[in-house]
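Undergrad: Dropping the sequence and predicted coords here.
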Amino acid sequence: MTDEELKAVVAETSRLVAENSRAIQALNEAWERRDREHKEELRASHERMEQIWRNVEALREETRRIEEKSEQTWQEVIASRQESDRIFQSIHRDLGRLGNKQGDYTEALFRPSLERVLREQFGMTVIVARQRIRDHDEEAQFDMIGHARDEIPEVYLVEIKTQLRADAFDQVFEHLRKLPRFLPEHRGKRLFGILAALDVPPDLRDRAAREGLYLATIKDDVFEIVPPDGFEPRAFGLRSLS
């Protein structure tokens, strides 16, 4: 190879490296921009839900004042209550849609960090998100499942919530009960439950520890699991949940 040919190869290599660097930078910028947009939409949805609840309380107070006015006829009171019921139903539908949207954003934003926790902290090699399974007339949907095929006889079930409420415990226990039936390949393995939430009240944080459930919480925009001192994870199975 002549000097000129060698120079040409070096120049072409430098050009390709520069192009790849620009492409990688553009991809990183696009991901960061999408992440910021999703977080902003999540905050906006949260504010909208709070505003709706304030409207609900104001409407209830207005209805109470109307009913207390003795000069109103019963027909007016009945009509007012019917209108209130109609508005309440509409508000509940809006709350349901907003709640579903918030849940989708929460899962999309923080799924990568939860996958990292399952891989690095628990050694899981196979992770499936939003798995929907139908068994005859019954259906189950699991937010996230991690397992390691046969290397580690354990399965981790993750329940993702925007705000942790008491009913989330019933949901995760129900899903742990259903998992061996809907996914028979995991029968005989040790099942562990993980609750992941953006907002966790202190009393429910303590309850998760008492129930033997791992709790994934947000720190610096990523989920992490830091079990409290003395925490003993509970291995679930068909017998323990029956």
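TA: Noted; the coordinates are in hand. Keep in mind it's a predicted model, so treat the numbers as computed, not measured.
Undergrad: burial of residue 112, as a residue count?
TA: Residues lying near residue 112 (other Cβ atoms under 10 Å) number 12. Heads up, the C-betas are built off the backbone N, CA and C, glycines and all.
Undergrad: Now do it against residue 68, distance only.
TA: 54 Å (Cβ to Cβ, to the nearest Å).
Undergrad: In contact with the residue lying closest to residue 171 once chain neighbours are set aside, which residues?
TA: In space, residue 171 comes closest to residue 159 once its chain neighbours are excluded; the distance is 6.0 Å by Cβ to Cβ, 6 or more residues apart in numbering. Counting by Cβ atoms under 8 Å, 6 or more residues apart in numbering, residue 159 makes contact with 143, 168, 171-172, 175, 193-196.
Undergrad: run the last query once more with 10 Å
TA: Taking Cβ atoms under 10 Å, 6 or more residues apart in numbering, we find residue 159 in contact with 142-144, 168-169, 171-176, 193-197, 213, 216.
Undergrad: element containing it?
TA: Using DSSP states H and E, residue 159 maps to strand 152-163.
Undergrad: Tell me what the spatially most central residue of the chain is bridged to.
TA: The residue lying closest to the centre of the chain (Cα atoms, centre = their mean) is residue 160, at 3.0 Å. Under DSSP bridges, the beta-bridge partners of residue 160 are residue 196.
Undergrad: Double-check it against residue 144; I have them as touching.
TA: Yes: using Cβ atoms under 10 Å, residue 160 is in contact with residue 144, at 6.8 Å.
Undergrad: For the two, list the residues in contact with both.
TA: Taking Cβ under 10 Å, 6+ apart as the contact rule, residue 160 and residue 144 both touch 107, 111, 114, 129-130, 194, 196.
Undergrad: Now, of the contacts of residue 159, which are buried?
TA: By neighbour count, with 16 or more other Cβ atoms under 10 Å, these hold 142-144, 168-169, 172-173, 175-176, 193-197, 213, 216 as buried.
Undergrad: can you tell me which of those are in strands?
TA: 142-144, 193-197, 216 (DSSP state E).
Undergrad: Tell me how far residue 222 lies from residue 198.
TA: Distance, residue 222 to residue 198, using Cβ to Cβ: 12 Å.
Undergrad: If you rank the shared contacts of residue 160 and residue 144 by neighbours, which is first?
TA: Scoring those on neighbours with other Cβ under 10 Å, the highest-scoring entry is residue 196 at 27 neighbours.
Undergrad: Quick check: it vs residue 129, distance?
TA: The value you get for residue 196 to residue 129, if Cβ to Cβ is used, is 12 Å.
Undergrad: Now do the shared contacts for the two.
TA: In contact with both residue 196 and residue 129: 107, 111, 114, 143-144, 158, 160, using Cβ under 10 Å, 6+ apart.
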